[in-house]
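*Asks:* structure, please.
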Amino acid sequence: MWCCSGSPLVAEICAGAGLDWLLIDGEHGPNDLGTILAQLQAAAAYPVTTVVRVPSNDTVVIKQVLDLGAQTLIVPMVGSAEEARAAVAAVRYPPGGVRGVGSALARSSRWNRTEGYLADGDAHVSLLVQVESAAAVEAAGEIAAVDGVDGVFVGPADLAASMGLLGQQTHPDVVEAVLRTFAAVRAQGKAVGVNAFDPDAAQRYLDAGASFVVVGADVTLLARGSEALAARFIP
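*Replies:* Reported below is the predicted structural model:
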């Protein structure tokens, strides 16, 4: 489930719902480091995997979000193996990467209470990169093959736009591109996921081998639910 509201209270409600994973959206949601931290803390009491989508493939932002204690990141708009390697470098400490060393002051190591965090810090982080353009689909196999990329997440909305099909995420050509991405990523032995708020589309992608699927968003559920109340009770 997508958490786009920026509210730790809403994140906690969603965390306790029985879903497998929540995504705190720093790309399109009204989030900053403070609200991301509050949502990570709110969800921490529940048996749910929490993922943070950073706003861009930016070394500084990735460092800050990791120091907040995020352990699984989605980096959006990754269109090539080179960009994927840059994301890997951002989540790894030297010599394998360029992540800044500040864990002693940060929640990521529980303020140095996690013994040996620097030595095995990379093992605490999972990196997903987002394929969401026609060009990225063609490069999906190369992107997935990058050492340190743990999985690929397909974004049909931006993919549709890049194909000249803005707003048509379930268009047959978009679906075909998503499924081609699935095949390319799975051929590299990596996990692949997709965003699919439409229940039929979500089930189709699960049946096609998706490892993880976003099936709803907090703000969407609130919008549609409140509209349903108005439609029923307001003349």
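*Asks:* what's the neighbour count on residue 144?
*Replies:* Around residue 144 there are 25 other residues, counting by other Cβ atoms under 10 Å. (Glycine included, C-beta is placed from N, CA and C.)
*Asks:* what's the helix or strand for the residue nearest to residue 192 when sequence neighbours are not counted?
*Replies:* Spatial nearest neighbour of residue 192, chain neighbours left out: residue 185 (4.1 Å); criterion: Cβ to Cβ, 6 or more residues apart in numbering. Assessed by DSSP states H and E, residue 185 sits inside helix 172-187.
*Asks:* name the helices or strands packed onto that helix?
*Replies:* helix 134-138, helix 140-144, strand 151-154, helix 156-162, strand 191-195, helix 199-207 (3 or more Cβ pairs under 8 Å, 6 or more residues apart in numbering; DSSP states H and E).
*Asks:* where do the helices sit along the chain?
*Replies:* Along the chain, counting by DSSP state H, helices occupy 8-15, 33-43, 59-67, 81-91, 134-138, 140-144, 156-162, 172-187, 199-207, 218-233.
*Asks:* so which of those is the most surrounded?
*Replies:* Neighbour counts (mean count of other Cβ atoms under 10 Å) averaged over each of the helices of the chain peak at helix 140-144, with a mean of 23.
*Asks:* tell me the centre residue of this protein?
*Replies:* A centroid search over the chain (Cα atoms, centre = their mean) returns residue 74, at 3.6 Å, as the residue closest to the centre.
*Asks:* check contacts around it.
*Replies:* For residue 74, the contacting residues are 23, 51, 52, 53, 54, 128, 129, 130, 153, by Cβ atoms under 8 Å, 6 or more residues apart in numbering.
*Asks:* what about 7 Å?
*Replies:* By Cβ atoms under 7 Å, 6 or more residues apart in numbering, the residues touching residue 74 are 23, 51, 53, 128, 130, 153.
*Asks:* distance of it relative to residue 218?
*Replies:* Applying Cβ to Cβ, to the nearest Å, the value for residue 74 to residue 218 is 17 Å.
*Asks:* now do residue 59
*Replies:* Using Cβ to Cβ, residue 59 is found at 29 Å from residue 218.
*Asks:* try residue 70
*Replies:* Counting by Cβ to Cβ, the gap from residue 70 to residue 218 is 18 Å.
*Asks:* go on, residue 173?
*Replies:* 30 Å.
*Asks:* picking that back up, wait, which of the helices of the chain is closest to residue 114?
*Replies:* For those, distance to residue 114 was read as Cβ to Cβ. The smallest value, 12.7 Å, belongs to helix 59-67.
*Asks:* that's all I had, so thanks and see you.
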